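> Turn this into a model:
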Amino acid sequence: MYPRISQGRRALGITIDWLAAYAVTLGFFAGSGTFLERSRGIGGTVLLVLTIEYLILVCFGGSSFGHRIVGLKVIRFSDGGAATPLQALIRTLLMVIIITAITFDENGRGVNERLSNTVLVRR
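Numbering: from 1, shown residues only. Below you'll find the model as predicted:
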């Protein structure tokens with residue numbers, strides 16, 4: 001029904017999101033000191049920032065920061081409309097549980113996409 005998005009493009013998008021969340025966390029929540037001192041113990045905060053960033057941007061803009069850069073957007077699988085806030089929440093929470101985001105069906109959709117009734121497409 002929808003053209004498949006390559007796994008490389010998906011991985012690049014989430015990597016960009018992860019790096020952006022890491023940069024925000026280092027810039028605003030890591031305190032002072034050397035880079036190594038500041039980067040110790042911020043993993044949970046990075047995950048929280050990533051979750052909030054992904055949820056808000058997908059909910060209100062249709063794509064996360066990384067999706068925009070690589071030319072992707074999230075839509076409803078059933079009719080191609082914008083993802084609802086509930087769908088964005090389900091997709092985000094399941095995406096944070098990495099195993100659901102890297103397990104794909106024959107159409108190239110992850111578990112997080114199937115359970116949230118969404119799909120990634122090119123912009």
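> any low-confidence regions in the protein?
Counting by pLDDT under 70, the chain has low-confidence residues at 99-102.
> Give the other helices and strands that the lengthiest helix in it contacts.
Looking across the chain with DSSP state H, the single longest helix is helix 7-28. Helix 7-28 sits against helix 35-39, helix 43-61, helix 65-70, strand 72-76, with contacts defined as 3 or more C-beta pairs under 8 Å, 6 or more residues apart in numbering; DSSP states H and E. Heads up, the C-betas are built off the backbone N, CA and C, glycines and all.
> Let's have the ones you listed in a markdown table, adding distance to residue 111 and mean neighbour count.
Shown next, in a markdown table, are the helices and strands packed on helix 7-28 (distance: least, C-beta to C-beta, whole Å; neighbours: other C-beta atoms under 10 Å):
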| stretch | distance to residue 111 | mean neighbour count |
| --- | --- | --- |
| helix 35-39 | 31 | 12 |
| helix 43-61 | 16 | 17 |
| helix 65-70 | 18 | 20 |
| strand 72-76 | 15 | 19 |
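> now stretch 48-55, how far from the chain's geometric center?
Mean-position distance between stretch 48-55 and its chain equals 8 Å (C-alpha atoms, centre = their mean, to the nearest Å).
> so which of the helices and strands packed on helix 7-28 comes closest to residue 95?
Minimum separation from residue 95 across the helices and strands packed on helix 7-28 (C-beta to C-beta) falls at helix 43-61, 6.7 Å.
> Could you list every helix and strand in contact with that closest one?
With contacts taken as 3+ C-beta pairs under 8 Å, 6+ apart, helix 43-61 sits against helix 7-28, helix 65-70, helix 85-96.
> what's stretch 20-32 in contact with?
35, 37-39, 42, 45-47, 49-50, 53, 65-66 (C-beta atoms under 8 Å, 6 or more residues apart in numbering).
> do you know how far the residue with the largest distance to the centre of the chain is from residue 84?
Most distant from the centre of the chain: residue 33, at 29.7 Å, with distances by C-alpha atoms, centre = their mean. Using C-beta to C-beta, to the nearest Å, residue 33 is found at 43 Å from residue 84.
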